[in-house]
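Q: model the structure of this input:
(one chain, ligands or ions: 1)
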Amino acid sequence: MPLITNLSERLKRHPKRVVFPEGADERILQAARMFSTQKLGIPILLGDRAKIKENAAALDINLEHIRIIQPRRSSEYEGFVKKFQGLRRFKGMTEKETEAYLDNNNYFATLMLATAQADAMLSGATVTASSALRPLLQIIQRQEKANSVSSLNIFDLQEPETGKDRVLFLADCAVIPNPDSMQLCDIAVNTAALAYHLTNEKPRVALLSYTSKSLSSKNEGVIKMKAATDLARQKAKELDIPMEIDGELQVDAALDPFVAEAKQLQGSVPGKANVLIFPDLHAANIASKMVDVLTRARTYGPILTGLTRPAAEISRGATANDIFGTAVMIASQAIDHRLLYPTEGDTLNEDVTVL
Ligand code: ACO
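A: This next block holds a predicted model:
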């Protein structure tokens, strides 16, 4: 059964509120309608109320059970101005400067997420990755023991021979341009932890390179992946999260049992990996978009890891179906919120003095 079907069934029993800062976008409206119609929770659309209604009418989209918030007119606005000014990073900011930030719906949505007025947030449909990511990095607290925020893409592929679904998790496709071995360790462990949460299966994590267990390579990149593999094994053990980790591996040796055998690679990861960790953002982003364009896989993400609240920063090329599926993934993360994100109450980053 596709991953999304499983998760949707669970969400129906535990519906969640997902905030979309780009509420007037056509694809967002379509995705929100699907989310609401399937009774998975309440979509919250931010934006100009009249514009959202006009766009919905043009698409013949019924807005019943979809919440619309026009930030300036919201009863929360004043409170958010104060909360924002209470953050150490923005301290000393004038009312006008603060309002300029909050007029950017990404900031308003992030405050909703941080103060638990929404369970998950999906942005990036109309803006660059860095503009969508920055409010989240600046406002949402990091998960305990997660030093880096990174992202993953999920591909739900159908095996041509068996017809069975195979779910792959690829990271980091959107956030850290040149991760070092410590950051790769975080990326590997955080991605595997989320994979475990979403599939309930022990993840098999491969740290990728252009060599497989080379004994002779002195290449910096290969050495980095070897070091990241050791660090990730150690961290997974310390955190007691079930996962198998191996590296460095070539991508075919990680995914194809025949290649793994031909290269005499033993263990539970070679040939059977489902979590793929790339050496940098170039490799991950290119591989991810290539799989997306060339296969008919159901694709979700990028979903962020390392933050105390579920959020996704999608590509501007995402379709309404991609957006709907990604919303299901992040809303599902919110179901076991306490397990995944142990921090209680507000998750504003840094000391908030005015609450
Ligand atoms: N993990 C943890 N903290 C981080 C991270 C991270 N990965 N990145 C930045 N931060 C911290 C910063 O250190 C800073 O904290 P500080 O002020 O306390 O020191 C805070 O978050 C805010 O960061 P900024 O300085 O505003 O942002 P920065 O200049 O570091 O840039 C960004 C972060 C925007 C994510 C940058 O790394 C970037 O542009 N990444 C690539 C995005 C991209 O183009 N992706 C590809 C396309 S995505 C797609 O296809 C969907």
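
Q: when you work out contacts or count neighbours from here on, use the C-alpha atoms and nothing else.
A: Will do.

Q: check which residues of the helix or strand hosting residue 156 are buried.
A: Element membership for residue 156, per DSSP states H and E: strand 150-158. Within strand 150-158, the residues scored as buried using 16 or more other CA atoms under 10 Å are 150-158.

Q: keep only those residues that also lie close to the ligand.
A: Of the residues in the buried residues of strand 150-158, proximity to the ligand by CA under 6 Å from any ligand atom holds for residue 150.

Q: can you redo the buried residues of strand 150-158 as a markdown table with distance to residue 92?
A: Listed next are the buried residues of strand 150-158 as a markdown table, based on distance: CA to CA, whole Å:
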| residue | distance to residue 92 |
| --- | --- |
| 150 | 30 |
| 151 | 32 |
| 152 | 36 |
| 153 | 38 |
| 154 | 41 |
| 155 | 44 |
| 156 | 47 |
| 157 | 50 |
| 158 | 54 |
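
Q: columns pLDDT and distance to residue 121 on top of the buried residues of strand 150-158, output as CSV?
A: Shown next, in CSV, are the buried residues of strand 150-158 (pLDDT from 0 to 100; distance: CA to CA, whole Å):
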residue, pLDDT, distance to residue 121
150, 95, 16
151, 96, 14
152, 96, 15
153, 96, 16
154, 95, 17
155, 95, 20
156, 91, 22
157, 88, 25
158, 79, 28
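
Q: closest one to residue 311 out of the buried residues of strand 150-158, please.
A: residue 151 (9.7 Å; CA to CA).

Q: got the contact list for the closest one?
A: 171-175, 187, 191, 301-305 (CA atoms under 8 Å, 6 or more residues apart in numbering).

Q: most widely separated two among those?
A: Between any two of the contacts of residue 151, the greatest separation by CA to CA is 15.0 Å, found for 187 and 301.

Q: quick one: the strands in this protein?
A: 16-20, 41-46, 67-69, 120-123, 150-158, 165-171, 204-208, 244-249, 275-277, 298-305, 311-313 (DSSP state E).

Q: before we move on, the earlier item: any idea how far the strand holding residue 156 is from the chain center?
A: Distance of strand 150-158 from the chain centroid (CA atoms, centre = their mean, to the nearest Å) equals 10 Å.

Q: relative orientation of it and strand 298-305 in degrees?
A: Here the directions of strand 150-158 and strand 298-305 differ by 160 degrees (axes from the mean of the first three to the mean of the last three CA atoms, to 10 degrees).

Q: make 9 the starting number, not 1.
A: In the new count, where the first residue is 9, that last one comes out as strand 158-166.

Q: go ahead and flag the most central residue of the chain.
A: Closest residue to the average C-alpha location of the chain: residue 311 at 1.0 Å, with CA atoms, centre = their mean.

Q: ok, now which ones touch that residue?
A: Shown in contact with residue 311 (CA under 8 Å, 6+ apart): 159-161, 318-322, 334, 338.

Q: for residue 93, same thing?
A: Counting by CA under 8 Å, 6+ apart, residue 93 has contacts 99-101, 106, 362.

Q: from these, which would you call buried?
A: Burial by neighbour count, 16+ other CA under 10 Å: within the contacts of residue 93 this picks out residue 106.
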